[in-house]
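Chemist: the following comprises the amino acid sequence and a computationally predicted model.
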Amino acid sequence: MTQSPRYYLIPAMIGSLVLLGGCSVLPSRHSSHVVDQYRIAPTISSGSQNTQGAACTSIKVAKATSAPGFGGTDMRYSNKHYRIGAFAYHRWIATPADMLTQPLVEQLRASDRFTHVIDNTSPVPAPLLLNTQLVSLVQVFNHNHKSQVRLIVEESLIDAENNHILGSRQFVSTSPAAPNPIAGVAATNSAVTQWTKSVRQWLSKTLNAGYCQKHQLAGKGRPTPQ
């Protein structure tokens, strides 16, 4: 007989524990139980989107930050409005925010729009800075024995040379999943891919031809990443 998945609710002062969709009281978590860990690592196309060379200056992608409640490695779920829990035996291998930066860097590099796309590990500056905050990453369960992963991320594009905000936007991506945490991992990767593509499109619209051309003519934005 297949054993039902177990969950625990946060905050730390745990009240009654319930099965998703049921009302059975769960036993406390056993220290001997294996905890499975997962990565956020979506497949990003490496194909060039621009056959005429980079159209804009260099951009640096800052390390993503987390909103309160999403800074740990817990895999979050929700089966009631305003209530967020964490799967007991399934966790991320690192904080979700830490795993968001690389897919975004890869997506922007694949676009070939920028002279260089520099990640946060490099000390090299760039005229443009992209700040990212993970607002929420939750697998939401409904009463029809279905679920979806809901990813909310806020982006801010900064003109680093003039300390000026060029634009900001909140992105919401959803992806359906079977009602279990393993399916939620695959859905998370799908939602992350949607988000990175949306950011790429937003940057293309925000950085109009005049802004990019100004920097190219000035000969800026061509640092050599280290």
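Modeler: Nice, I can see it.

Chemist: how about the residue nearest to the spatial centre of the chain, phi and psi?
Modeler: For the chain, the residue nearest the mean C-alpha position is residue 100 (4.2 Å; Cα atoms, centre = their mean). Taking degrees, to the nearest 10, you get phi -90, psi -30 for the backbone angles of residue 100.

Chemist: now do the one 10 residues further on
Modeler: Note on residue 110: its backbone torsions stand at phi -70, psi -30 [degrees, to the nearest 10].

Chemist: circling back to that earlier point, wait, doesn't the residue nearest to the centre of the chain sit right on residue 192?
Modeler: Yes - using Cβ atoms under 8 Å, residue 100 is in contact with residue 192, at 6.8 Å. In short, each C-beta sits where N, CA and C put it, glycine included.

Chemist: can you pull out the strands in the protein?
Modeler: Here the chain has its strands, by DSSP state E, at 7-9, 36-38, 59-61, 65-66, 74-80, 83-92, 117-118, 128-141, 147-159, 164-177.

Chemist: got the angle between the helix ranked longest in the chain and strand 83-92?
Modeler: For the chain, the helix that runs over the most residues, judged by DSSP state H, is helix 181-206. Interaxial angle of helix 181-206 relative to strand 83-92 (axes from the mean of the first three to the mean of the last three Cα atoms, to 10 degrees): 100 degrees.

Chemist: verify the stated contact: residue 207 with residue 56.
Modeler: Yes - Residue 207 lies in contact with residue 56 (Cβ under 8 Å); the separation is 5.5 Å.

Chemist: okay, and the common contacts of the two?
Modeler: residue 128 (Cβ atoms under 8 Å, 6 or more residues apart in numbering).

Chemist: residue 149: what's it in contact with?
Modeler: Listed by Cβ under 8 Å, 6+ apart, the contact set of residue 149 reads 137, 138, 139, 140, 174, 175, 177, 184, 187, 188, 190, 191.

Chemist: try 6 Å
Modeler: Going by Cβ atoms under 6 Å, 6 or more residues apart in numbering, residue 149 touches 139, 175, 177, 184, 187, 188, 191.

Chemist: tell me the bridge partners for it.
Modeler: Beta-bridge pairing of residue 149 under DSSP bridges involves residue 139, residue 175.

Chemist: tell me where the model's unsure across this structure.
Modeler: Regions of the chain meeting the criterion pLDDT under 70 cover residues 1-31, 46-54, 209-210, 215-226.

Chemist: number of nearby residues for residue 137?
Modeler: 25 (other Cβ atoms under 10 Å).

Chemist: err, residue 98, not the other one
Modeler: Residue 98, neighbours per other Cβ under 10 Å, totals 18.

Chemist: just the one 10 residues further on next, same as before
Modeler: Under the neighbour criterion other Cβ under 10 Å, residue 108 is assigned a count of 23.

Chemist: thought it was touching residue 115?
Modeler: No - counting by Cβ atoms under 6 Å, residue 108 stays clear of residue 115, with 11.4 Å between them.

Chemist: quick one on the thing from earlier: output the strands of the chain as a markdown table; include the columns distance to residue 212.
Modeler: Converted to a markdown table, the strands of the chain look like this (distance: least, Cβ to Cβ, whole Å):
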| stretch | distance to residue 212 |
| --- | --- |
| strand 7-9 | 48 |
| strand 36-38 | 38 |
| strand 59-61 | 11 |
| strand 65-66 | 27 |
| strand 74-80 | 38 |
| strand 83-92 | 36 |
| strand 117-118 | 14 |
| strand 128-141 | 10 |
| strand 147-159 | 12 |
| strand 164-177 | 11 |
